[in-house]
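J.: next one to model:
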Amino acid sequence: MRRSRKVKILATLGPASSDEAVIRRLFEAGADVFRINMSHTNHDLMRTLIERIRTVEKDLGRAIGILADLQGPKLRVGAFADGAQEMVAGQEFTFDSNPAPGDSTRVQLPHPEILKSVEPGHRLLIDDGRLQMEAIACDGKSIRAKVISGTKISDRKGISLPDTDLPVGALTDKDRKDLDAALAADVDWIALSFVQRPDDLAEVRKIARGRAGIMSKIEKPQAVHRLDEIIELSDALMVARGDLGVEMPLEAVPGIQKQITRAARKAGKPVVIATQMLESMISAPVPTRAEVSDVSIAVFEGADAVMLSAESAAGSYPVEAVAMMDRIARQVERDPNYPSIINAQRSEPEPTGADAISLAARQIAETLKLAAIICYTGSGTTGIRAARERPQVPIIALSPVVATARRLSLLWGTHCVVTDDATDLDDVVNRACRIAVEEGFAQDGERVIVTAGVPLRTPGATNMLRIAYVDTKGQGGI
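T.: As a prediction, the model looks like this:
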């Protein structure tokens, strides 16, 4: 199941893609990691989906990553006595703590933290920004606002506050229960929604204790403003363009996407581009030309992965959507401009021995036109550093830890193989050469480059580089 592209594909599971047969078809069409959206999935269904993914993984013999996406705090207005209320630009409207049904002049906002935090001049965006208001008077118990644009407000619509720093963490009680259940089921990645500040990551890290990678979803202006701090505490990032496009000007989102992608690449952290990538394929068998261009931009930018949401979870063409994303990515990576664009965005390595080894491995592999870079890694660090370099040659990540191989399935250009633990350095090299042949990356007489940490099983200690001739008759390399 070798992929003929470097960027990875995340596919969200849902009503259209919960059956084991469909999950298998999604993987065969190109999905590398499966996302379970905890906003719409109870614990029993989550465990069932994970069991089905692991069955497909076992049958096909390829490590498959699983991402559990936590819902995060959902802020909503209360209900109205007579249903939707018409709004007119310029009229005043009040949000308060009164639980009585709302009318054309007021409604309950059952979030005291908002009532206490919003200040005059702050924007209040209702229903994904379809209704926009601006606070004109606040006393800590109510907010008097003026309608800027939009025509109506109705029951339980979401509210976004792009100008307000709320004193609440990113984990709700529901998220804590979902997190415990997901970790117990051995998911590989946890996506944390509505991150505002680095502190939001502390609690989830304490609970996870390294059992899963932590992916911060960047979807609020506050997170963009503190991006470097959040990257430092995250294992991966997701550019969640849906909510980001609500809370920030739409025209700013493409530039922010590039900013986040390049910052994550510089830090050596995987980055996923998400939301509405092939949106029209929810109901149509082909995407729009603009959507094809959108996916291609993410691939040209060097993102580790691109993600499908409703297209694969609830659409009429889930397998076709994955196959289309695979076709777009493969075509982009064959473009003659692709290598120069990827190379131009490469950052200087960090001043560590491990990063210097990874840089040298890429340069040697490309200069000598070696068949592959092979990383032997227990913790995944060696593989992550190799992917950060974005080499032109394939990366094979060998790991005796199945959880590591699954987690690395998110990484750009990385082909993950679970193998028995090596006994010594010669065993690492011999095993690397043999697997390179078995997986279709090398032939007898070709050369590969092998990196590892010595002593073996020392996390983060990438310090060894060896060029080896592939010799299957001799059962290894020289």
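
J.: what strand or helix carries Val306?
T.: strand 305-308 (DSSP states H and E).

J.: just the C-alphas of the helix or strand that that strand is followed by, formatted as PDB.
T.: Using DSSP H and E, the helix or strand that follows strand 305-308 in sequence is helix 310-313. C-alpha atoms of helix 310-313 as PDB (Å, rounded to 0.1, in the frame of the first residue of the first chain):
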ATOM      1  CA  ALA A 310     -18.500  16.600   5.700                       C
ATOM      2  CA  GLU A 311     -17.300  15.500   2.200                       C
ATOM      3  CA  SER A 312     -16.300  12.000   3.600                       C
ATOM      4  CA  ALA A 313     -18.500  12.000   6.800                       C
END
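
J.: show me the contact partners of helix 310-313.
T.: Contacting residues not belonging to helix 310-313 are listed as 11-17, 26, 31, 37, 277-279, 281-282, 317-318, 321-322 [C-beta atoms under 8 Å, 6 or more residues apart in numbering]. The way it works is simple: take the backbone N, C-alpha and C, and place the C-beta from them, glycine included.

J.: one more time with 6 Å, if that's ok
T.: For helix 310-313, contacts defined as C-beta atoms under 6 Å, 6 or more residues apart in numbering pick out 11-12, 14, 17, 278, 281-282, 318, 321.

J.: save these as JSON lines, and put in secondary structure, neighbour count and pLDDT too.
T.: What follows is the contacts of helix 310-313, written out as JSON lines (DSSP: H, G, I helix; E, B strand; the rest coil; neighbours: other C-beta atoms under 10 Å; pLDDT from 0 to 100):
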{"residue": "Ala11", "secondary structure": "strand", "neighbour count": "27", "pLDDT": "98"}
{"residue": "Thr12", "secondary structure": "strand", "neighbour count": "26", "pLDDT": "98"}
{"residue": "Gly14", "secondary structure": "coil", "neighbour count": "21", "pLDDT": "97"}
{"residue": "Ser17", "secondary structure": "coil", "neighbour count": "25", "pLDDT": "97"}
{"residue": "Leu278", "secondary structure": "coil", "neighbour count": "28", "pLDDT": "98"}
{"residue": "Met281", "secondary structure": "helix", "neighbour count": "25", "pLDDT": "98"}
{"residue": "Ile282", "secondary structure": "helix", "neighbour count": "20", "pLDDT": "97"}
{"residue": "Pro318", "secondary structure": "helix", "neighbour count": "29", "pLDDT": "98"}
{"residue": "Ala321", "secondary structure": "helix", "neighbour count": "34", "pLDDT": "98"}
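
J.: output these as JSON lines; include the columns distance to Ala468.
T.: Formatted as JSON lines, those follow (distance: C-beta to C-beta, whole Å):
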{"residue": "Ala11", "distance to Ala468": "36"}
{"residue": "Thr12", "distance to Ala468": "40"}
{"residue": "Gly14", "distance to Ala468": "45"}
{"residue": "Ser17", "distance to Ala468": "41"}
{"residue": "Leu278", "distance to Ala468": "41"}
{"residue": "Met281", "distance to Ala468": "44"}
{"residue": "Ile282", "distance to Ala468": "48"}
{"residue": "Pro318", "distance to Ala468": "42"}
{"residue": "Ala321", "distance to Ala468": "40"}
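
J.: closest one of those residues to Gln132?
T.: When those are compared for distance to Gln132 (C-beta to C-beta), Ile282 wins out at 26.2 Å.
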